[in-house]
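Q: Turn this into a model:
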Amino acid sequence: MEIAKIIGNVVATRKDELIEGYKLLMVQALNASDMTPKSLNLVAIDTVDAGVGDIVLIVRGSSARTATGMNGRPVDATIVGIIDEIILDDKSVFKNNGQ
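A: Next comes the predicted model:
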């Protein structure tokens with residue numbers, strides 16, 4: 001799993017029928033220690049109703065295809081969780097204050 005931030009929406013009017021009806025979001029991978037962006041941006045299928053600005057957990061590759069409801073679908077990145085807080089070495093490096 002990786003930590004990422006939702007940075008935008010992706011609109012595709014034509015896509016594989018196996019992913020029709022799923023929300024596509026642009027995510028930017030983050031370094032967990034200080035929440036700084038990595039140089040990796042991906043399009044991910046949303047399974048948890050995330051939105052722009054949320055910090056999320058993503059899975060990629062075969063793990064993305066075995067996430068709930070994704071079996072057999074042509075996906076390489078799936079959003080599987082919205083993060084509430086990250087604690088490293090007894091220090092909170094991220095806390096979702098919008099709860």
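Q: tell me the mean pLDDT over stretch 87-99?
A: The average pLDDT within stretch 87-99 is 86.
Q: With only the CA atoms kept, save that stretch in CSV.
A: What follows is stretch 87-99, C-alpha atoms only, in CSV (Å, rounded to 0.1, in the frame of the first residue of the first chain):
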residue,chain,number,x,y,z
ILE,A,87,1.6,8.5,13.6
LEU,A,88,5.4,7.8,13.3
ASP,A,89,7.7,7.6,16.3
ASP,A,90,4.9,8.7,18.6
LYS,A,91,4.4,11.9,16.5
SER,A,92,1.4,12.7,14.4
VAL,A,93,2.6,13.6,10.9
PHE,A,94,-0.9,13.9,9.5
LYS,A,95,-4.4,14.3,11.1
ASN,A,96,-7.6,14.7,9.1
ASN,A,97,-9.2,17.6,10.9
GLY,A,98,-12.4,17.4,8.8
GLN,A,99,-13.8,14.4,10.7
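Q: Locate Arg73 within the secondary structure: which element?
A: Arg73 belongs to no helix or strand when assigned by DSSP states H and E.
Q: Just give the number of residues close to the residue nearest to it when sequence neighbours are not counted.
A: Nearest residue to Arg73, sequence neighbours excluded (CB to CB, 6 or more residues apart in numbering): Leu18, at 4.7 Å. Glycine gets a C-beta too; all of them are placed from N, C-alpha and C. Other residues near Leu18 come to 12 when the count uses other CB atoms under 10 Å.
Q: So what does Leu18 have for phi and psi?
A: The phi and psi values for Leu18, taken as degrees, to the nearest 10, are phi -70, psi -10.
Q: got a pLDDT number for it?
A: So, for Leu18, pLDDT stands at 92.
Q: unless I'm mixing things up, it is touching Asn71, no?
A: No. Counting by CB atoms under 8 Å, Leu18 stays clear of Asn71, with 10.2 Å between them.
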